[in-house]
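Colleague: Below: sequence and its predicted model.
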Amino acid sequence: MKYTTDALHSCLVGGWTHALMYRRPFMSIPNKSYTLVNGDELDADAPKVLPLPRNVAEELVLPAVLSPLIATNLAAQMDDVINATDSSDKMGAIVKRPARVEIGRALWRTGRRKGGYAAMRVCSLVKRL
């Protein structure tokens with residue numbers, strides 16, 4: 001059996017509850033997680049080691065797996081501006097360029113999975129606009 005501390009568990013459950021409140025249907029995931037630690041006996045300065053039951057561990061893993069879906073607004077409209085940033089260590093640059101929504105959608109679908117050469121394709125595509 002694996003273990004956790006009451007303070008760590010309380011922080012994890014609080015964080016997931018905060019995130020899940022933005023997508024209310026996902027609040028049906030936690031159940032047993034709320035009963036593992038008694039909040040009245042919690043002392044963050046002296047955490048107690050507790051056994052972590054499998055069903056509670058699964059309730060903590062499920063929101064982690066679903067977190068991209070929880071954080072995504074599938075109803076959001078595509079913007080008509082393309083944004084890009086550089087990855088320098090000293091100063092970062094942000095550029096914007098108006099573009100048709102179809103171009104932005106194509107870049108969104110393909111840009112994150114491409115290698116370093118994708119930056120050149122993006123620049124040439126933006127220049128043609």
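Modeller: That came through fine.
Colleague: so which strand or helix has Ile82?
Modeller: Secondary-structure element containing Ile82, defined by DSSP states H and E: strand 81-85.
Colleague: Check which helices and strands that strand sits against.
Modeller: Helices and strands touching strand 81-85, by 3 or more Cβ pairs under 8 Å, 6 or more residues apart in numbering; DSSP states H and E, are strand 94-98, helix 101-111, helix 118-128. No exception for glycine: its C-beta is placed from N, CA and C like everyone else's.
Colleague: Now do it against helix 101-111, angle only.
Modeller: If you take axes from the mean of the first three to the mean of the last three Cα atoms, to 10 degrees, strand 81-85 sits at 30 degrees to helix 101-111.
Colleague: Asp86 and Leu107, how far apart?
Modeller: 16 Å (Cβ to Cβ, to the nearest Å).
Colleague: what about the two, which has more around it?
Modeller: Neighbour tally, Asp86 and Leu107, criterion other Cβ atoms under 10 Å: the higher count belongs to Leu107, 19 against 10.
Colleague: Hmm, Ala84 and that one touching each other?
Modeller: No - between Leu107 and Ala84 no contact is recorded; they are 9.5 Å apart, counting by Cβ atoms under 8 Å.
Colleague: May I see the buried residues of the helix ranked longest in the chain?
Modeller: Assignment by DSSP state H gives helix 54-71 as the longest helix of the chain. Judged by neighbour count (16 or more other Cβ atoms under 10 Å), helix 54-71 contains these buried residues: 56, 59-60, 63, 70.
Colleague: taking the mean pLDDT, what do you get for it?
Modeller: Rounded to a whole number, the mean pLDDT of helix 54-71 is 91.
Colleague: could I have that helix exported to CSV, CA atoms only?
Modeller: Taking C-alpha atoms only, helix 54-71 is exported to CSV below (Å, rounded to 0.1, in the frame of the first residue of the first chain):
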residue,chain,number,x,y,z
ARG,A,54,-6.4,2.6,-4.1
ASN,A,55,-9.8,4.2,-4.8
VAL,A,56,-8.6,7.5,-3.4
ALA,A,57,-5.4,7.3,-5.6
GLU,A,58,-7.5,6.7,-8.6
GLU,A,59,-9.7,9.7,-7.8
LEU,A,60,-6.5,11.8,-7.8
VAL,A,61,-5.1,10.4,-11.0
LEU,A,62,-8.3,10.8,-13.0
PRO,A,63,-8.4,14.6,-13.0
ALA,A,64,-4.7,14.6,-13.9
VAL,A,65,-5.4,12.6,-17.0
LEU,A,66,-8.4,14.7,-17.9
SER,A,67,-6.7,18.0,-17.1
PRO,A,68,-6.2,19.0,-20.8
LEU,A,69,-10.0,18.6,-21.3
ILE,A,70,-10.8,20.4,-18.1
ALA,A,71,-8.6,23.4,-19.1
